[in-house]
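Visitor: When you get a sec, could you give me coordinates for this:
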Amino acid sequence: MDYEEHIQRVERRKAALKVELSVSLEGLSSIVLEIGCGHGHWLTDYAAKHSSQFCVGIDVIRDRIDRSNRKAARAGLSNIRFIKVEAGEFLESLPEGVAIESVFVLFPDPWPKKRHWKNRIMNSDFLDSLANRCKENACLHFRTDHEEYFEWTQEVLPSLGSWHLASGVEWPFERETVFQAKVDFYQSMILEKT
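Guide: Numbering: from 1, shown residues only. This is a model prediction of the structure:
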């Protein structure tokens with residue numbers, strides 16, 4: 001596939017995503033977003049306990065999304081949707097009238113090698129893009145078992161004009177994730193949109 005074909009394919013995918021999101025999120029003014037939802041365990045339980053909120057889980061792996069949607073269907077939930085999409089494309093395609101009220105990034109890939117740090121989701125460019133689609137005072141909940149990634153994220157914070165460490169805000173919902181069950185140690189951070 002040449003470059004032009006690739007660009008056309010990406011544009012078709014984005015156009016289809018915009019249609020899907022406009023249908024799925026019709027009538028909504030805000031959503032709760034989980035980036036990297038895995039098999040949907042955490043967000044499905046969150047949606048069951050927070051029926052007044054509409055939840056969207058995104059991941060780049062089709063099998064995870066299929067499993068998540070089956071899990072939500074078995075639970076009989078109508079306030080949740082799982083979508084296979086890259087986070088940046090999701091933000092670009094989110095309908096204008098829909099804002100993100102809360103974001104969860106739980107145990108993302110830490111990309112431990114320095115040459116791969118540019119792939120980390122908790123980077124200043126992505127966090128600025130995310131802030132543009134969030135409500136005022138929206139919270140971003142970040143949890144990782146990778147100590148260096150946590151420290152790296154803390155170092156990125158001062159360069160962000162749109163997020164600051166939240167004070168006096170508690171983690172809103174506890175449910176052990178698949179990755180969390182495998183580790184003895186993790187750290188959490190809550191950022192608030194300024």
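
Visitor: all contacts plus neighbour counts: C-alpha atoms, from now on.
Guide: OK.

Visitor: Show me what the top strand by length along the chain is packed up against.
Guide: What stands out as the longest strand in the chain, according to DSSP state E, is strand 134-144. Contact partners of strand 134-144 among helices and strands, from 3 or more CA pairs under 8 Å, 6 or more residues apart in numbering; DSSP states H and E: strand 99-106, strand 187-193.

Visitor: ok, now with 10 Å
Guide: If you count contacts as 3 or more CA pairs under 10 Å, 6 or more residues apart in numbering; DSSP states H and E, strand 134-144 packs onto strand 30-35, strand 99-106, helix 124-132, helix 147-156, strand 163-165, helix 178-181, strand 187-193.

Visitor: Flag whichever of the ones you listed has the least confidence on average.
Guide: Of all the helices and strands packed on strand 134-144, helix 178-181 carries the lowest average pLDDT, namely a mean of 80.

Visitor: and that one, which residues are buried?
Guide: Buried residues in helix 178-181, defined by neighbour count with 16 or more other CA atoms under 10 Å: Gln180.

Visitor: same thing with stretch 12-29?
Guide: Residues of stretch 12-29 classed as buried under the neighbour-count rule (16+ other CA under 10 Å) are 14, 17-18, 21-22, 25.

Visitor: same deal with stretch 47-66?
Guide: Along stretch 47-66, these residues count as buried under the neighbour rule (16+ other CA under 10 Å): 47-48, 53-61, 64-65.

Visitor: I'd like the mean pLDDT over that stretch, please.
Guide: Model confidence over stretch 47-66 averages 97 on the pLDDT scale.
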